[in-house]
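1. sharing a sequence plus its predicted fold:
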Amino acid sequence: MRTSPGLGASGHVPHLRPVSGYVGVVDFLRREMSLGRLLPGDKLPPERQLAEQLGVARETLRQALRVLEGSGQIVITRGTAGGTVVQGHAPNPDLVLHELRERREDLVDLVEYRAEIESAAARLAAVRSTESDIRAMVEAQQALAEASNKDESRRADTAFHLAVASASANVHLAEAVEDARVEMFYPVDLASFDFIRESSLEQHQAVLDAVTAGDGALAAATMRAHIEHTRLEMDRLIGG
């Protein structure tokens, strides 16, 4: 059992936006799951610590955890050795695939939107990135190369894309990239979308090389090509 890297003992919660009420806590934790920053088997911090990190009352947190427990996304074990652990999902694949096909137009729109905002972020990253930004991209690549399953691959993939977005030094672009990934990948992941690690590694490296070289046009073009490849894989998944 792992302690979540995003909500771990360090007391730091990355990318945290202000939350309000138990619904806000539920949305935040589900978002962390969708982005792969919380994986099945991850253990959340103790209740008091998590409430402080999120800036909410303990009763508000308890309400949110009850909602997530009811939906099967977490399991809460009481007692001194207990805790709150993230669970995996095993939905009916036929129902999920039907939903994806019903949402085909929306998903295509999302891919087009991602291509626009992420290529813009890559272009800016090429001229604004710092040594710390480049290091974050390299570390994400290493994590992807070492990933042993789809969940770990998705976490590393997310880390890379968000590192590029952060390197743009534009908070609105960074938030838009994160929002689009959540909206697109949560339903796709439920359908057991096979993460193609080798091609992602190669395409990420092309983006990283362009950003490191300071070539904004090339960084934008390689990011756009990478997302177009994702669209083709998604079409294959849903019978497109």
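-> Perfect, thanks for sending it. Residues are numbered from 1 along each chain as shown.

2. use CA for all of it now, contacts and neighbours both
-> OK.

3. and this structure, what are its domains?
-> 2-86, 93-237 (automatic domain parsing).

4. turn those domains into CSV, columns for mean neighbour count and mean pLDDT.
-> Output for those, formatted as CSV (neighbours: other C-alpha atoms under 10 Å; pLDDT from 0 to 100):
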stretch, mean neighbour count, mean pLDDT
domain 2-86, 17, 79
domain 93-237, 19, 88
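
5. excluding its backbone neighbours, what's nearest residue 31?
-> Nearest residue to residue 31, sequence neighbours excluded (C-alpha to C-alpha, 6 or more residues apart in numbering): residue 182, at 6.5 Å.

6. export the helix or strand containing that neighbour as PDB, just CAs?
-> Here residue 182 sits within helix 171-190, counting by DSSP states H and E. Once non-C-alpha atoms are left out, helix 171-190 reads as follows in PDB (Å, rounded to 0.1, in the frame of the first residue of the first chain):
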ATOM      1  CA  VAL A 171      -1.700  30.000 -15.300                       C
ATOM      2  CA  HIS A 172      -4.800  30.000 -17.500                       C
ATOM      3  CA  LEU A 173      -3.300  27.700 -20.000                       C
ATOM      4  CA  ALA A 174      -2.000  25.400 -17.300                       C
ATOM      5  CA  GLU A 175      -5.500  25.200 -15.700                       C
ATOM      6  CA  ALA A 176      -7.100  24.600 -19.100                       C
ATOM      7  CA  VAL A 177      -4.800  21.800 -19.900                       C
ATOM      8  CA  GLU A 178      -5.500  20.100 -16.600                       C
ATOM      9  CA  ASP A 179      -9.300  20.600 -17.000                       C
ATOM     10  CA  ALA A 180      -9.300  19.100 -20.500                       C
ATOM     11  CA  ARG A 181      -7.300  16.000 -19.500                       C
ATOM     12  CA  VAL A 182      -9.700  15.300 -16.600                       C
ATOM     13  CA  GLU A 183     -12.800  15.600 -18.900                       C
ATOM     14  CA  MET A 184     -11.300  13.500 -21.600                       C
ATOM     15  CA  PHE A 185      -9.500  10.700 -19.900                       C
ATOM     16  CA  TYR A 186     -11.900   9.800 -17.100                       C
ATOM     17  CA  PRO A 187     -14.400   8.200 -19.400                       C
ATOM     18  CA  VAL A 188     -11.700   6.800 -21.700                       C
ATOM     19  CA  ASP A 189      -9.900   5.100 -18.900                       C
ATOM     20  CA  LEU A 190     -13.000   3.500 -17.700                       C
END
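
7. might one say that residue 55 is in contact with residue 21?
-> No: using C-alpha atoms under 8 Å, residue 55 is not in contact with residue 21, being 9.9 Å away.

8. report all helices and strands that the helix holding residue 182 contacts.
-> Where contact means 3 or more C-alpha pairs under 8 Å, 6 or more residues apart in numbering; DSSP states H and E, helix 171-190 is packed against helix 21-34, helix 93-102, helix 104-128, helix 150-167.

9. could I get those helices in TSV, plus columns for distance to residue 214?
-> Listed next are those as TSV, based on distance: least, C-alpha to C-alpha, whole Å:
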stretch	distance to residue 214
helix 21-34	31
helix 93-102	38
helix 104-128	4
helix 150-167	12
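
10. tell me the centre residue of this structure?
-> residue 35 (1.9 Å; C-alpha atoms, centre = their mean).

11. does that residue touch residue 154 like I think?
-> Yes: Residue 35 is within contact range of residue 154, at 7.4 Å (criterion: C-alpha under 8 Å).

12. before we move on, back to that, against residue 114, how distant is the residue nearest to residue 31?
-> Look at residue 182 and residue 114: by C-alpha to C-alpha, to the nearest Å, they are 11 Å apart.

13. cool, residue 175 as well?
-> To residue 114, residue 175 is 12 Å away according to C-alpha to C-alpha.

14. alright, I will stop here.
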